[in-house]
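Asks: Give me a 3D structure for the following:
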Amino acid sequence: MATKEKLQCLKDFHKDILKPSLGKSQRARSEDKAEGKPPQRQKWSSLVNFSYFPVWSGLPVFFLEIITGQYTSEGGITYWEKIWHLFSGIGSASIVIVPFPNVHYIVILAWGTYYLFQSFQKELPRAHCNHSWNMPPCMEDTMRTNESVWITISSTNLTSPVTEF
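Replies: Next up is the predicted model:
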């Protein structure tokens, strides 16, 4: 082997050794970007975290609060003071803070319920532009495939009925 070939083999070897593997890299590799591949993502890492958290953190805290409430025969505000006198403000603070995230959660659940019941209609409300909430630049998907419409109308301001629903 000539020295040029040896150097090239060493370069290729180091390039292969030093490039990150798919399972360990958080970011997309430069080779993937150059080849136009979508970035590889870790699929199981968040799934494991989300499945372990309720079991190992949520349930013990839930049972701790239930047990301490039963043991002290107190409610959510006053049982913290019976545990230790410096904890007397935790119950009041939790009663004040908890409604704020609950309002957001209830709104999200209401949206989901509304869209669920709207999807049981014979004609989906998000399928066409002939509803009262649709704006004039609404364009249905059947019209989007017509090239003459695209040529005559500027597509920068167009919206779909799904977006407006």
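Asks: Could you use CA atoms for every contact and neighbour count after this?
Replies: Noted.
Asks: Flag the shaky bits of this protein, pLDDT-wise.
Replies: Residue ranges of the chain with pLDDT under 70: 1-3, 6-7, 9-46, 139-165.
Asks: got the contact list for the longest helix seen in it?
Replies: In the chain, with assignment by DSSP state H, the single longest helix is helix 99-118. The contact list for helix 99-118, computed with Cα atoms under 8 Å, 6 or more residues apart in numbering, reads 124, 125.
Asks: one more time with 6 Å
Replies: Taking contacts as Cα atoms under 6 Å, 6 or more residues apart in numbering, no residue outside helix 99-118 touches it.
Asks: Renumber starting at 13 from here on
Replies: New numbering, starting at 13: the last item is helix 111-130.
Asks: That helix: which residues count as buried?
Replies: Buried residues in helix 111-130, defined by neighbour count with 16 or more other Cα atoms under 10 Å: none.
Asks: Only the C-alpha atoms, please, for that helix, written as CSV.
Replies: Presented in CSV, the C-alpha positions along helix 111-130 are these (Å, rounded to 0.1, in the frame of the first residue of the first chain):
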residue,chain,number,x,y,z
PRO,A,111,-57.0,26.7,40.5
PHE,A,112,-54.7,28.4,37.9
PRO,A,113,-53.4,25.3,36.2
ASN,A,114,-56.8,23.7,36.6
VAL,A,115,-58.5,26.4,34.5
HIS,A,116,-56.1,25.8,31.7
TYR,A,117,-56.5,22.0,32.0
ILE,A,118,-60.3,22.3,31.9
VAL,A,119,-60.2,24.5,28.8
ILE,A,120,-58.0,21.9,27.0
LEU,A,121,-60.4,19.1,28.0
ALA,A,122,-63.4,21.2,26.8
TRP,A,123,-61.7,21.7,23.4
GLY,A,124,-61.0,18.0,23.1
THR,A,125,-64.6,17.2,24.0
TYR,A,126,-66.0,19.7,21.6
TYR,A,127,-63.9,18.4,18.7
LEU,A,128,-64.8,14.8,19.6
PHE,A,129,-68.5,15.5,19.4
GLN,A,130,-68.2,17.6,16.3
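Asks: And the helices in this structure?
Replies: Going by DSSP H, the chain shows helices at 15-30, 42-47, 56-65, 71-84, 91-95, 100-109, 111-130, 153-156, 159-164, 173-176.
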